[in-house]
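**Q** Prediction below, plus the sequence it came from.
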Amino acid sequence: MDRHHPPRRFSLYTPPPSLALSPLSVAVLFFFFFCFAATSDAAFDVAPISFDEGYQHLFGDGNLVRSAAGDGVRILLDRFTGAGFISSDMYQHGFFSAMIKLPSDYTAGVVVAFYTSNGDVFEKTHDELDIEFLGNIRGKPWRFQTNVYGNGSTSRGREERYTLWFDPTEEHHRYSILWTANKIIFYVDEVPVREIARSEAMGGDFPSKPMSLYATIWDASDWATSGGRYKVNYKYAPFVSEFKALVLEGCRADPIREAPAEGCREKDAQLEARGFATVTPAQRRSMRWFRERYMYYSYCYDTLRYPVPPPECVIVPSEKARFKNTGRLKFGGSHKRRSRRRERIPVGSVSDNQAAM
């Protein structure tokens, strides 16, 4: 098949049986998130920048296409290569955000990653914050995972996995990573889905060195869908992911300097004062609501892997009741682990393999 043939669209979103909701529940769900989004937009008073203002092409010649207005890009995966871009600067803490639309139809084996890393500078002691979208077979929803590494702690993965309350291939949705000296928050459409508060017990496992922002699309057939059972099918190529409304806020920093760049303390204070840096009581209820319905794996509840939960874990009884001692859902979820060698490009992160739901 011509590799330039556009992928067919598939609009039906079918959640896993364990997450299926009644019509009334669906109505309540959308009402809930509509109300929440309407009251939280002010907290995301961000100023998007053009692609050339903050980013540059990373890899995949010809597979990164700028929008006519210069305010966004499309990155493509075909049988020859994936594609990616990187921030032009490294940042010592920041808010990294984009409106993203994912490929549709059959996307097994395809990974779209939006993440921060300094692996090219600190190969053995790198830091990383990940949002990775994991493709699936036709009719099954996209899933995504978040992960955190600090100081090269790849043997202590801190991944969580989720589904979404919407079809991410239908339109753009905002995905964001906040990283300060004291906390990390992952957002989906202004809804906080995960928060990590820094503690002394975490030590170097909390990311602390300047990082760049990356976005990539690549072939992860060996692990991304059902532990590698379903591969990328290039009959449906090119797989296209769109990025727009790009946001980079933080302190530009030189990773070689031991002290933060001049002015970073002031920038950090400004970042901490922003609305997205504080989870309000209403947002915390929304986060709990999301995690109790859409999270299907958490390392904090995987007592076979971590008999003693890592120090940043906050054990929530209502969440814990849903999981086995493998960190998997008691009904309808699965999770398999297999180590895999780390690559520099285009891998967005290293994590344990994901089995089918």
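**A** Cool, got the structure.

**Q** ranges for the helices of the stretch 201-350 of the chain?
**A** 264-272, 281-294, 317-320 (DSSP state H, counting those that start in this stretch).

**Q** May I see those helices organised as a markdown table, with mean pLDDT added?
**A** Below are those laid out as a markdown table (pLDDT from 0 to 100):
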| stretch | mean pLDDT |
| --- | --- |
| helix 264-272 | 92 |
| helix 281-294 | 95 |
| helix 317-320 | 91 |
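
**Q** List just the one of the ones you listed that sits closest to residue 237.
**A** Closest to residue 237 of those, according to Cβ to Cβ: helix 281-294, at 29.1 Å. For every residue, glycine as well, the C-beta is placed using N, CA and C.

**Q** Any buried residues in the closest one, and which?
**A** Using 16 or more other Cβ atoms under 10 Å as the test for burial, helix 281-294 gives 283, 286, 287, 289, 290, 291, 293, 294.

**Q** before we move on, what about stretch 100-120?
**A** Across stretch 100-120, burial judged by 16+ other Cβ under 10 Å covers 100-119.

**Q** State the distance from the residue positioned nearest the centre of the chain to residue 309.
**A** For the chain, residue 131 is the residue whose C-alpha lies nearest the centre (Cα atoms, centre = their mean; 1.3 Å). Distance of residue 131 to residue 309, given as Cβ to Cβ, to the nearest Å: 22 Å.

**Q** How about residues contacting the host helix or strand of the residue nearest to the centre of the chain?
**A** In the assignment (DSSP states H and E), residue 131 maps to strand 128-134. Strand 128-134 is contacted by residues 102, 111-119, 142-149, 159, 168, 175, 177, 179, 184, 186, 207, 211, 220, 224-225, 348-349, 351, 354 when judged by Cβ atoms under 8 Å, 6 or more residues apart in numbering.

**Q** Pull up the pairing partners for that strand, direction included.
**A** strand 110-117 (antiparallel), strand 143-149 (antiparallel) (DSSP bridges).

**Q** which outside residues touch the first one?
**A** Read it as strand 110-117. Contacts of strand 110-117 (Cβ under 8 Å, 6+ apart): 77, 91, 94, 96, 98, 100, 102-103, 126-135, 175, 177, 179, 207, 211-220, 224, 232, 239, 241, 346-349.

**Q** So which of the residues you listed are in strands?
**A** Among those, the members falling in strands (DSSP state E) are 77, 91, 94, 96, 98, 100, 128-134, 175, 177, 179, 212-219, 239, 241.

**Q** rewinding a little: redo the buried residues of helix 281-294 as CSV? Include distance to residue 50.
**A** Formatted as CSV, the buried residues of helix 281-294 follow (distance: Cβ to Cβ, whole Å):
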residue, distance to residue 50
283, 30
286, 31
287, 32
289, 36
290, 32
291, 35
293, 37
294, 33
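
**Q** wait, which of the residues you listed is closest to residue 198?
**A** residue 287 (17.9 Å).

**Q** thinking the closest one is in contact with residue 187, fair?
**A** No - at 9.6 Å, residue 287 does not count as touching residue 187 under the criterion of Cβ atoms under 8 Å.
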